[in-house]
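K.L.:
have a look at this prediction, sequence included:
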Amino acid sequence: MSQLSLLSQAALSRSRFLRLAAGALLPFAGLRPSAAAAPNPELAQNSGVSGTKDAAAPGRMGAILVSRFGPVKIHSYLSPADGLQVNTQMIEGPNAVVIFDGQLLLPYADEVASYVQTLGKPVDRIILSHAHTDHWGGLQVLTERFPDARVFALDGVAEQVRAKGPARLDGLRRTYGDRAATKVTVPTETITEGLQRIDGVTYEFKRFVDAESDLQLAALLPEQKVLMAFDLVFSPNEHAFTGANHFDHWMIVLESLKALQGYDRIIIGHDTPVDRSAIDSTMTYVKRAKEIHAASSDAKTYSENLKAAFPDLQQAGFVDLSASYLYAAPH
Ligand SMILES: [Zn+2]
């Protein structure tokens, strides 16, 4: 997957991150109206009692936002742009931490692990949302540093990782050298659909097929009213990965997410959390990408036309990567 090198290297500055956080995350934390109405949202963030905080630390390459919901905290680690701004979510309950997704690159997974250790609670389990390399590459580090944590995924994801992982890692190591994993980490446990309580936190797991990837987990937190949609929904600020060629069914999946009532806070696989409107903007993007795909006979045309259709979006490298998959010679 040397095409990853094409992806945008533009850095996500801390100021932009805080701006996004202020816009996207303050309501996310369920702030009391008085705090939400504070004239300076960054001051409100640092109230220290409740709400969303930027847990900055000297020397850390990624960014971490902490959103508090009573006894439950969601810690969101966002990698720098060269790690594709991929998220790792750490759900901290009363006694343990549940980790979702493991980063693309080892140094960023290492930052996740070091941060989790500061929470002072054991890692109950690690859950992989789907089989794309940017979400499991760094699991090598997490499983080394938390050897007791079992790795869960939907039935079928482990087979996908096992089948395609070695070739993906070869490509990653050509691009990223020692920052990429040396071994494929395959989930060992199966996560089933439906309601499940883990460390006092209720999750509703859902299985979706043929969207951004062939097989994708979504996790609802009904008590916190948070939808963890991972790569089913993309940020309105970024291009989406369309390389799996499931335009029509992805639209159906997005319609079903739209039908979920009461979930206005959506945690996504890349970039900071969003509100419901991101479902609509993702639908607009997927629909346009489908039209452009139908009208484009080669990768270059698809890339150019999709970038021209959405000139303001970041992570344009996702477009080149998608095009390379969509127009790959059959074999
Ligand atoms: Zn992804």
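P.N.:
Everything's here; your move.
K.L.:
residues touching the closest residue to the ion within the stretch 1-150 of the chain, list them.
P.N.:
Going by CB to the ion, the ion is nearest to Asp134 of the stretch 1-150 of the chain, at 4.5 Å. C-beta here means a position set from N, CA and C on the backbone, and glycine is covered the same way. Shown in contact with Asp134 (CB atoms under 8 Å, 6 or more residues apart in numbering): 83-84, 86, 103-104.
K.L.:
again, only this time at 10 Å
P.N.:
With contacts defined as CB atoms under 10 Å, 6 or more residues apart in numbering, Asp134 is in contact with 1, 4, 7, 79, 83-86, 101-105, 168, 172, 231, 241, 269-270.
K.L.:
show me which residues of this protein sit near the ion.
P.N.:
134, 231, 269 (CB under 5 Å from the ion).
K.L.:
and the residue nearest to Val209 when sequence neighbours are not counted, how many neighbours does it have?
P.N.:
Nearest residue to Val209 in three dimensions, chain neighbours excluded: Leu215, at 5.7 Å (CB to CB, 6 or more residues apart in numbering). The tally of other residues near Leu215 (other CB atoms under 10 Å) stands at 19.
K.L.:
for Leu215, give me the pLDDT.
P.N.:
We have a pLDDT of 98 for Leu215.
K.L.:
Arg125 pairs with what?
P.N.:
Val98, Arg150 (DSSP bridges).
K.L.:
could I have the CA atoms of the helix or strand where the residue of the stretch 1-150 of the chain closest to the ion lies written out in CSV?
P.N.:
Element membership of Asp134, judged by DSSP states H and E, is helix 133-136. Only the C-alpha atoms of helix 133-136 are listed here, as CSV (Å, rounded to 0.1, in the frame of the first residue of the first chain):
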residue,chain,number,x,y,z
THR,A,133,-4.7,-1.1,8.0
ASP,A,134,-4.9,2.4,9.4
HIS,A,135,-7.0,1.0,12.3
TRP,A,136,-5.0,-2.1,13.2
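K.L.:
distance from the chain centre to it, please.
P.N.:
Offset of helix 133-136 from its chain centre (CA atoms, centre = their mean, to the nearest Å): 10 Å.
K.L.:
any chance you could list what contacts the helix or strand following that helix?
P.N.:
Sequence-wise, the next helix or strand downstream of helix 133-136 (DSSP H and E) is helix 139-145. For helix 139-145, contacts defined as CB under 10 Å, 6+ apart pick out 88, 99, 101-103, 105-114, 116-117, 123, 126, 128, 136, 149-151, 161, 169, 180-188.
K.L.:
thought Asp54 was touching Val66, still the case?
P.N.:
Yes. With contact defined as CB atoms under 10 Å, Val66 counts as touching Asp54 (8.0 Å).
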